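Q: I need the structure of the sequence given here:
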Amino acid sequence: MTQSNVKMLQRHFQADTLPWNKMLRQKEQGLQRRLLRVRQASDENTGGIGRKRLLITIDERRSRIS
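A: Okay, the predicted model is just below:
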């Protein structure tokens, strides 16, 4: 395979994967914001009880997304 073919394939690969990566990054940031809100609400309402269970649930969701 020639060098120009390799470069062309790299460009096509990047064009296909960059939007997907951006979308996944945005989803992760949204989940992080939700987690922060839920953590704050949990601390206010329960004094931190149940946080471990909530974090496990968030981690399970994150592992399914990636």
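Q: all helices in this structure, in order from the N-terminus.
A: Taking DSSP state H, the helices of the chain run over residues 3-46, 51-65.
Q: Mean pLDDT lowest where, among those?
A: Looking at the helices of the chain, the lowest mean pLDDT belongs to helix 51-65 (a mean of 66).
Q: Could you check how far V38 is from L31?
A: Computed as CB to CB, to the nearest Å, the V38 to L31 distance reads 10 Å. From N, CA and C alone the C-beta is placed, and that goes for glycine too.
Q: make that Q14, sorry
A: From Q14 across to L31, the span is 25 Å (CB to CB).
Q: more neighbours, these two?
A: L31 (14 against 10; other CB atoms under 10 Å).
Q: if we can go back for a sec, any residues in contact with both of V38 and L31?
A: Between them, V38 and L31 have no joint contacts when contacts are counted by CB atoms under 8 Å, 6 or more residues apart in numbering.
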